[in-house]
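Chemist: prediction below, plus the sequence it came from.
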Amino acid sequence: MKSSKRDLMNLMFVKRDFLMLVFANLIVQLGITYYVMEKTNMDVSIWPLFIAQLIIIFVISLVPMPKFVKFLLFGLFSYIFGLILSSLKKKYNPDVIKVAIQGAFTVFGLFLAAGVALFVGGIHLGQRFGAFLFWALLALIVGQLVFVLGAKMSQAHKILSFIGIIIFAIYVMYDTNKILQRDYSGDFITASMDYYLDIINLFTSFVSSNNN
């Protein structure tokens, strides 16, 4: 046990600067999204914004670029997400949004700690576990599409939302475990984007689960 704690402390020391950049960038990007969401009161068209986000993700993932440019693109991505989420203010009670924010950060903190605990215990989640999460998420998306395009059943919608919370909570644990394992070569943008998407998806799942 003492050896595990020592190994974790050594790892945290080695990755200290990297982890600080990951969470600093995460706070900045979430701040951009929250600010835009709160300040935007106009009607927005979701699908063009969604397509723009997909293009940004592909560019960030596939095109080599300086970190500063990648940071700016991530900022644009966060800004667009703020515009998309601003539509929630017209559909949901402010108390629902507040509870969803609290729930998302609570779950994020708990499962981040779980990811660290697994790593300390010598459990390294690999590609098979990641593939399982991917297919679970794909099944969830298909299920949501069925109820969007078909008959809207509030109870089924809530169940799918709770399943979404579970899946994205496990993603936080998986991403944390992966960040501690992997050498990102200083690419803190990619690591923080994984966390960003986890938190945003937790938030939207909590909002949907509280839909009356």
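Modeler: All right, it came through fine.

Chemist: may I ask you to confirm that residue 71 is in contact with residue 189?
Modeler: Yes: using C-beta atoms under 8 Å, residue 71 makes contact with residue 189 at a distance of 6.0 Å. Where C-beta positions appear, they are placed from N, C-alpha and C, glycine not excepted.

Chemist: run a quick neighbour tally on residue 59.
Modeler: Counted by other C-beta atoms under 10 Å, the residues lying close to residue 59 total 14.

Chemist: not counting its neighbours along the chain, what's nearest it?
Modeler: Closest residue in space to residue 59, ignoring its immediate chain neighbours: residue 73 at 6.5 Å, by C-beta to C-beta, 6 or more residues apart in numbering.

Chemist: what's the local residue count around that neighbour?
Modeler: 18.

Chemist: quick one: residues contacting it.
Modeler: Residue 73 makes contacts with 56, 59, 60, 65, as judged by C-beta atoms under 8 Å, 6 or more residues apart in numbering.

Chemist: between residue 71 and residue 189, which contacts overlap?
Modeler: Joint contacts of residue 71 and residue 189 (C-beta under 8 Å, 6+ apart) are residue 25.

Chemist: between these two, which has more neighbouring residues?
Modeler: Shown here are residue 71 and residue 189; by other C-beta under 10 Å, residue 189 has more neighbours (22 against 17).

Chemist: which SSE is the more buried one in?
Modeler: helix 188-209 (DSSP states H and E).

Chemist: so what's the gap between that helix and the chain middle?
Modeler: 2 Å (C-alpha atoms, centre = their mean, to the nearest Å).

Chemist: do the same with stretch 71-79
Modeler: How far stretch 71-79 lies from its chain's middle: 14 Å, per C-alpha atoms, centre = their mean.

Chemist: buried stuff in it?
Modeler: For stretch 71-79, the neighbour count (16 or more other C-beta atoms under 10 Å) marks 71, 73, 74, 77, 78, 79 as buried.

Chemist: which residue is the nearest non-sequential neighbour of the fourth one?
Modeler: Yep, that's residue 77 we're talking about. Spatial nearest neighbour of residue 77, chain neighbours left out: residue 56 (4.7 Å); criterion: C-beta to C-beta, 6+ apart.

Chemist: what's near enough to touch the one you found?
Modeler: Counting by C-beta under 8 Å, 6+ apart, residue 56 touches 73, 76, 77, 80.

Chemist: for this protein, which spans come out with low pLDDT?
Modeler: 1-14, 144-154, 211-212 (pLDDT under 70).

Chemist: tell me where it has helices.
Modeler: 2-14, 16-39, 46-62, 67-85, 88-91, 94-120, 127-149, 154-181, 188-209 (DSSP state H).

Chemist: and the shortest one, C-alpha only, in PDB?
Modeler: Only the C-alpha atoms of helix 88-91 are listed here, as PDB (Å, rounded to 0.1, in the frame of the first residue of the first chain):
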ATOM      1  CA  LEU A  88     -32.300  25.000 -22.600                       C
ATOM      2  CA  LYS A  89     -33.200  28.200 -20.700                       C
ATOM      3  CA  LYS A  90     -36.400  28.400 -22.700                       C
ATOM      4  CA  LYS A  91     -37.400  24.800 -22.100                       C
END
